[in-house]
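Colleague: Next come a sequence and a model predicted from it.
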Amino acid sequence: MTIEHLASIIYNNVVSGLDGNHIDSKFSMAQIEDDIVNERLTVIKEYALKGLLPANDLMIKINCISLDDEPINRMGQFEDFDGYYIKHFEVPQIAYVYDKESVSYIGLIDGRNSFPFYIDRHAWYNHRNKRFVKQRPHVFIDTATNANNKYDCWVISKERIPEETMLMIAAIWKDPRDLIEYSCCKNEEIFNWSFISTDIIKRVTEKYLRYYRMLYQPPTPSVVNQ
């Protein structure tokens with residue numbers, strides 16, 4: 001089920017629920033899709049707090065991430081990287097509903113060579129000071145959005161990283177529509193939201209029905225004291 005399909009269901013539910021009242025022309029499918037994405041995050045947070053929704057049920061993989069040479073020192077807050085090979089990549093914004101467990105995998109596309117990853121600078125510095133662990137490739141994710149409204153990430157390795165290397169990341173994404181641009185992501189996987197789709201449809205439908213019922217509610221006649 002695509003997000004367009006979900007929006008269409010909600011639109012039809014609202015139209016039928018208004019009993020013939022006309023819907024304002026500003027009520028667009030794009031607006032419904034935005035509300036679906038926002039409501040999805042709300043539902044995920046509620047279900048997560050209740051322990052009703054395992055993080056793994058929400059993971060979506062991108063297995064066609066290419067690397068480039070954008071330097072990490074452009075941030076101006078990192079120490080010297082002599083002796084390390086560094087490659088850069090971008091990912092869509094991640095919904096850190098389950099903290100670090102919101103990302104289940106970063107590594108090679110074979111799914112068997114995962115890299116430790118860090119979103120906290122202090123934890124990342126500690127990693128670099130560990131004698132044996134620091135020899136492994138690892139990833140730093142900068143959660144400040146860049147000019148493309150994405151996260152900058154860097155792979156740091158003691159060994160040379162081949163130019164043709166492709167990475168895979170499995171995570172809970174803030175807006176699944178951001179994955180459409182990746183050729184390796186299929187719509188049926190991007191919008192496979194488990195059983196929360198039913199709850200999202202119900203909540204967004206009720207939101208619009210409340211709004212339009214209030215909008216079309218006839219004015220209450222004033223009572224004049226005799």
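Modeller: Looks like it came in fine.
Colleague: so what's residue 98 closest to, chain neighbours aside?
Modeller: residue 55 (4.4 Å; Cβ to Cβ, 6 or more residues apart in numbering). Glycine gets a C-beta too; all of them are placed from N, C-alpha and C.
Colleague: Could you pull up the contacting residues of the one you found?
Modeller: 48, 97-98, 101-102, 104, 172 (Cβ atoms under 8 Å, 6 or more residues apart in numbering).
Colleague: now do residue 69
Modeller: 87-88.
Colleague: Could you measure from it over to residue 85?
Modeller: 10 Å (Cβ to Cβ, to the nearest Å).
Colleague: next one: residue 175
Modeller: 32 Å.
Colleague: Then residue 137?
Modeller: Taking Cβ to Cβ, one finds residue 137 at 9 Å from residue 85.
Colleague: Same check on residue 168?
Modeller: 19 Å.
Colleague: Tell me which of those two has more neighbours.
Modeller: Using other Cβ atoms under 10 Å, the more surrounded residue of residue 168 and residue 85 is residue 168, with 19 against 13.
Colleague: Near residue 100, how many other residues are there?
Modeller: Residue 100 has 12 nearby residues by other Cβ under 10 Å.
Colleague: Could I get the contacting residues of it?
Modeller: Residue 100 is in contact with residue 119, counting by Cβ under 8 Å, 6+ apart.
Colleague: Kindly provide the distance from it to residue 88.
Modeller: For residue 100 relative to residue 88 (Cβ to Cβ), the value is 21 Å.
Colleague: Kindly report the same for residue 38.
Modeller: 30 Å.
Colleague: cool, residue 184 as well?
Modeller: Distance from residue 184 to residue 88, by Cβ to Cβ: 19 Å.
Colleague: Kindly report the same for residue 17.
Modeller: Residue 17 is 49 Å from residue 88, by Cβ to Cβ.
Colleague: Residue 179 and residue 185 touch, don't they?
Modeller: Yes: counting by Cβ atoms under 8 Å, residue 179 touches residue 185, with 4.4 Å between them.
Colleague: can you count the residues close to residue 19?
Modeller: By other Cβ under 10 Å, the residues close to residue 19 number 8.
Colleague: And the pLDDT for it?
Modeller: The model reports residue 19 with a pLDDT of 73.
Colleague: cool, residue 23 as well?
Modeller: Residue 23 is assigned 61 on the pLDDT scale.
Colleague: Quickly list the domain ranges of the protein.
Modeller: Split into domains by automatic domain parsing, the chain comes to 1-53+194-214, 55-186.
Colleague: Output the below-cut-off pLDDT ranges for the protein.
Modeller: 20-26, 73-81, 124-135, 216-226 (pLDDT under 70).
Colleague: Recalculate using a threshold of 80.
Modeller: Counting by pLDDT under 80, the chain contains low-confidence ranges at 1, 18-27, 73-83, 120-136, 188, 192-195, 213, 215-226.
Colleague: Please enumerate the strands of it.
Modeller: 60-66, 85-91, 103-108, 117-118, 138-142, 151-157, 166-171 (DSSP state E).
Colleague: in the second one, what counts as buried?
Modeller: Neighbour-count burial for strand 85-91 flags 86-87, 89, 91 (criterion: 16 or more other Cβ atoms under 10 Å).
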